[in-house]
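Trainee: A predicted structure for the sequence below; I have some questions about it.
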Amino acid sequence: MRLFTLGWHFFRVGAMNELQYRANFFVQLFQSLLALVTGLVGLALVFDHTTDLAGWSRPELLAVMGVHILMGGLIRATIQPNMERLMGDIQSGTLDFALTRPADAQMLISIREVRIWQFVDVLMGLVVLGYAANNLKGTVGILQVTAFIAALLIGAVMIYCFWLILTTGAFWVIRMEQVVELFQGLYQAGRWPVGIYPDWLRTGLTFLVPVAFAVTVPAEALSNRLNIETLLLAFGIMVGLLVFSRWFWKVGVRNYSGASA
């Protein structure tokens, strides 16, 4: 309950800051529409030459695109700004302000920033997913929707843990921004199902960078391609990442020398 209360207060502050620059909404809307049109054009070019891509039909690939847009919006609205601020605080020695407050430091550094205009991508992704679900073969029932929500939440937690692990490296490495940029480039590969890639890249996008679990698996759930074993594997990996990222964060904090040191 305390997490949600603090999160709500930080969201209100972030929303008020963002609302001072309402023109940014139209900029973000234009960027989101441009990215959507580009993705749809790429999809159309693929299906000009084939009826399916590695067994994925057009509506199923549209579902993958919808999840990719939605998850990207969540990352840029909540996870990325907090991790970027954390890197800045570590480098400037101002992380003390979070570490000395009467609340869990990891919780605080994870919810301090929100960029509400990035939720345009979340809404855009939901629209694409709704259209894709309406065109999928068979009925998208309560079982598929439940599995989709569970897979989406698991994927979001995995991405958060991965970002936290990368950002915690800033306690030892100065130029962590370059590693973050590498992740952003790899995330773009999630626009397509990971099954279409070579084995080495598929393995990397599944176990090294959890793009497969964040994008492809939720799309599989919605299109009734997901089996319970994959979902349980995703849950197990998520738990492992939560434990490891928490441990790694504590190790990083113990090596931190801030402005008050």
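Mentor: Okay, I see it.
Trainee: got the contact list for V251?
Mentor: T168 (C-beta atoms under 8 Å, 6 or more residues apart in numbering). From N, CA and C alone the C-beta is placed, and that goes for glycine too.
Trainee: ok but it is inside a helix, no?
Mentor: Yes. Assigned with DSSP: H, G, I helix; E, B strand; the rest coil, V251 falls within a helix.
Trainee: and it, what pLDDT?
Mentor: As predicted, V251 sits at a pLDDT of 93.
Trainee: what does the one 10 residues further on give?
Mentor: At A261 the predicted local confidence, pLDDT, stands at 46.
Trainee: ok, V217 next?
Mentor: On the pLDDT scale, V217 gets 94.
Trainee: with the one 3 residues further on instead?
Mentor: Here the pLDDT value assigned to E220 is 92.
Trainee: how about it, nearest residue that isn't a chain neighbour?
Mentor: L226 (4.0 Å; C-beta to C-beta, 6 or more residues apart in numbering).
Trainee: just V180 next, same as before
Mentor: L166 (6.2 Å).
Trainee: which parts of the host helix or strand of that neighbour are buried?
Mentor: Element membership of L166, judged by DSSP states H and E, is helix 142-168. Residues of helix 142-168 classed as buried by neighbour count (16 or more other C-beta atoms under 10 Å): 144, 147-148, 150-152, 154-164, 166-168.
Trainee: about what we covered before: how many residues are close by the residue nearest to E220?
Mentor: Each residue near L226 was counted by other C-beta atoms under 10 Å, and the total is 21.
Trainee: doesn't F213 make contact with it?
Mentor: No. The pair L226 and F213 fails to qualify as a contact (C-beta atoms under 8 Å) at a distance of 11.1 Å.
Trainee: what touches both of the two?
Mentor: Counting by C-beta under 8 Å, 6+ apart, the shared contacts of L226 and F213 are A151.
Trainee: quick one: mean pLDDT over the helix holding L166.
Mentor: Per-residue pLDDT over helix 142-168 has a mean of 93.
Trainee: after that helix, next one along is what?
Mentor: Next element after helix 142-168 (DSSP H and E): helix 177-187.
Trainee: give the other helices and strands that that next one contacts.
Mentor: With contacts taken as 3 or more C-beta pairs under 8 Å, 6 or more residues apart in numbering; DSSP states H and E, helix 177-187 sits against helix 80-92, helix 142-168.
Trainee: next structured bit after that helix?
Mentor: Using DSSP H and E, the helix or strand that follows helix 177-187 in sequence is helix 199-203.
Trainee: before we move on, back to that, wasn't the residue nearest to E220 part of a strand?
Mentor: No. Read with three-state DSSP, L226 is coil and lies in no strand.
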